[in-house]
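K.L.:
Need the 3D shape of this:
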Amino acid sequence: MKLRMITAIAMSSLLLMSSSGTAVADAAKPGQSMTHMKTAPGIASTLEAAGVILYVQGGATAAVIGESLSEATSQVVFHIPITANKAGVQHVGSNIIFFNTANNQHLTLRNPVIDLSKGVVSATVPQAGNAKVDILTITNAATAKPKITNDRKAKLRTTAYTGTTLVLAPGVAATIANVLGLPAGSLPDGLAFGTADVSLYTKLK
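P.N.:
Okay, here's the model as predicted:
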């Protein structure tokens with residue numbers, strides 16, 4: 001009961017999903033690009049069973065697919081604003097948080113950077129001395145091709161990458177378990193994290 005109350009409080013600020021199972025972002029504008037990240041079915045309930053909740057902060061919003069995180073097929077959807085970066089795109093000012101409600105330990109993935117050329121998502125981790133760490137591996141980065149749409153009326157170009165698959169990079173599962181004070185082996189190495197769609201909006205000349 002206590003865990004569910006804490007979870008409810010922590011999730012109260014998150015954007016709840018509509019009955020259609022989709023979340024709606026603001027209308028696209030040049031310079032207002034977005035990552036739409038959806039966790040794999042079951043990872044949210046696996047974490048919640050261990051007392052861990054997953055959320056975002058700093059300009060990002062999140063939603064839950066399903067009635068609760070404890071459902072076996074529950075998923076968390078993140079909408080994270082991004083900016084251009086030499087490596088690809090960066091979630092400036094947005095963090096992904098793993099929070100252990102049992103001991104108040106947390107792991108912060110700060111300013112994640114999606115690098116399709118290297119096939120990784122990296123982030124700064126304060127709990128690791130602010131080291132930049134490859135946290136996720138993009139398993140289909142080599143075959144990810146963008147769909148480009150030009151809206152001449154709105155003078156907007158959309159470059160969209162859809163269905164990129166994400167797994168925890170080697171060693172990251174053990175690091176998460178260690179920082180959060182979970183038993184060794186709580187999270188399997190290479191755990192399927194989810195999928196991500198990236199939409200880049202630029203002005204059409």
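
K.L.:
Backbone torsions only: list them for the most centrally placed residue in the chain.
P.N.:
Residue closest to the mean C-alpha point of the chain, counted by Cα atoms, centre = their mean, is residue 37 at 4.9 Å. Backbone torsions for residue 37, taken as degrees, to the nearest 10, come to phi -110, psi 130.

K.L.:
if I pick it, what's in contact with it?
P.N.:
The neighbourhood of residue 37, defined by Cβ atoms under 8 Å, 6 or more residues apart in numbering, consists of 77, 78, 80, 166, 194, 195, 196, 197. C-betas here are computed from N, CA, C, even on glycine.

K.L.:
Let me see the ranges of the strands in the chain.
P.N.:
33-39, 52-57, 61-65, 75-85, 88-90, 95-100, 105-115, 120-125, 131-138, 147-151, 156-168, 192-203 (DSSP state E).

K.L.:
Can you say which of these is nearest to residue 185?
P.N.:
Nearest to residue 185, of all the strands of the chain, is strand 156-168, at 13.6 Å by Cβ to Cβ.

K.L.:
mean confidence for that closest one?
P.N.:
For strand 156-168, the mean per-residue pLDDT is 91.

K.L.:
Could you do stretch 68-87 as well?
P.N.:
Looking at stretch 68-87 alone, the average pLDDT works out to 82.

K.L.:
Now do the buried residues in it.
P.N.:
Residues of stretch 68-87 classed as buried: 69, 71, 74, 75, 76, 77, 78, 79, 80, 81, 82 (neighbour count, 16 or more other Cβ atoms under 10 Å).

K.L.:
again with stretch 135-149
P.N.:
In stretch 135-149, counting by 16+ other Cβ under 10 Å, buried: 135, 136, 137, 138, 141.

K.L.:
For this protein, which element, helix or strand, carries the lowest mean pLDDT?
P.N.:
Across the helices and strands of the chain, mean confidence by mean pLDDT, DSSP states H and E is lowest for helix 2-11: a mean of 31.

K.L.:
Not counting stretch 117-130 itself, show me its contacts.
P.N.:
If you take Cβ under 8 Å, 6+ apart as the criterion, stretch 117-130 is touched by 87-88, 96, 106-115, 131-139, 141-142, 166, 169, 175, 179.

K.L.:
what's the answer for stretch 98-108, then?
P.N.:
The contact list for stretch 98-108 (Cβ under 8 Å, 6+ apart) reads 3, 6-7, 10, 47, 50-55, 95-97, 109, 125-127, 175-176, 179-182.

K.L.:
for stretch 80-93, how far is the first residue from the last?
P.N.:
By Cα to Cα, to the nearest Å, the extent of stretch 80-93 from end to end equals 10 Å.

K.L.:
Please state the offset of it from the chain centre?
P.N.:
Averaging C-alpha positions (Cα atoms, centre = their mean, to the nearest Å) puts stretch 80-93 13 Å from its chain's average.
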